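# Provided below for reference: sequence and predicted model.
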Amino acid sequence: MRNALAVLAWIGITFLTLFWTFLIALDFLLHRLFDPDLKNAHRLASCWGRMLVRMAPGTRVEVMGKENIPAGRPVVFMANHQSYVDVPTLFFVPAQFKWMADEALFRIPVFGWAMQMAGYVPVRRGDPRQGFRALERARGWLGRGISVFIFPEGTRSHTGVLGRFQTGGFRLAVLSQKPVVPVLVTGTRQLLPRGSWSFRWGVHLRLTVLEPVNPPADSTGIRQFSREIRSRMRGAYAREIRALRSEQRDVLP
């Protein structure tokens, strides 16, 4: 029964992705001259992500700390990474932003095309030259008043605990002098565990937006800045896990 429901869920996800990609492509063609920042494409992508999350039976999404998102000011959002579901779930964050994501995602038919048309930024691992170009492109978006969203761990966690942070996103914050806004994601690892294609029912997903943190004045403080953000996220994440344990047994140990 669970396998049959998983198949039906992925069929629905495929059709939704095709439908919203078509809308993004149509918007891209019709409004490219009138919407150079591709804001409407991001709105459509947000609708896609939220609909995907709501397809899981009994799933609830709660966003805490919305007041910590600076109004009218671009920021560098950073979130922990637990599951493939993180990306659609983080579309519940009420802000305009561009993803910085693994280049491999941009090569996925249909899904990758939509990411390109929305102006998201591909990052090729292990290629410093391309990494520099990606940072410059992300910096350009910040300069135009559009926030950027990054997973500082670079990949999904095997255990649910925060992994080692890469410095690229912090370098971006320092170069652009934009604050970092950490976002904690809890519950997505239970909704779709790593290595599984079957969704669980009745999972409570929570996004917790922490207070913005201003970057240091120059690059000499990047590593300390990274450690400070990671420490804040670890402490807040532990509190979130304790709070959710009372609601669902299979939250991370």
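Yep, it's here.

# The stretch 151-253 of the chain: helices as residue ranges?
168-176, 188-191, 222-245 (DSSP state H, counting those that start in this stretch).

# any idea which of those is most buried?
Ranked by mean neighbour count under mean count of other Cβ atoms under 10 Å, the helices of the stretch 151-253 of the chain are led by helix 188-191, which reaches a mean of 24. For glycine as for every other residue, the C-beta is placed from the backbone atoms N, C-alpha and C.

# Show me what residue 213 is bridged to.
With DSSP bridges applied, residue 213 shows beta-bridge pairing to residue 180.

# List the contacts of it.
179, 180, 181, 182, 225, 228, 229, 232 (Cβ atoms under 8 Å, 6 or more residues apart in numbering).

# between the helices of the stretch 151-253 of the chain, which one is nearest to residue 8?
helix 188-191 (16.0 Å; Cβ to Cβ).

# And the pLDDT at the closest residue to residue 59 other than its chain neighbours?
Spatial nearest neighbour of residue 59, chain neighbours left out: residue 203 (5.5 Å); criterion: Cβ to Cβ, 6 or more residues apart in numbering. If you check residue 203, the pLDDT there is 86.

# Relative to residue 164, how far out is residue 45?
29 Å (Cβ to Cβ, to the nearest Å).

# Which of these two has more residues huddled nearby?
Remark: of residue 45 and residue 164, residue 45 carries more neighbours, 24 against 9, as counted by other Cβ atoms under 10 Å.

# Remind me what the helix or strand hosting the more buried one packs against, helices and strands.
If you go by DSSP states H and E, residue 45 is part of helix 39-54. Applying 3 or more Cβ pairs under 8 Å, 6 or more residues apart in numbering; DSSP states H and E, one finds that helix 39-54 contacts helix 2-31, strand 60-64, helix 86-90, helix 111-117.

# the inter-axis angle of it versus strand 60-64?
130 degrees (axes from the mean of the first three to the mean of the last three Cα atoms, to 10 degrees).

# what about helix 39-54, distance to the chain center?
Centroid separation between helix 39-54 and its chain, computed with Cα atoms, centre = their mean, to the nearest Å, is 12 Å.

# List of residues touching that helix?
13, 16-17, 20, 23-24, 27-28, 31, 35, 59, 61, 85, 87-92, 96-98, 114, 117-119, 146, 205.

# Not counting stretch 135-142 itself, show me its contacts.
So stretch 135-142 is in contact with 37, 74, 76, 98, 100, 119, 121, 147-148, 168, 171-172, 175-176, 178, going by Cβ under 8 Å, 6+ apart.
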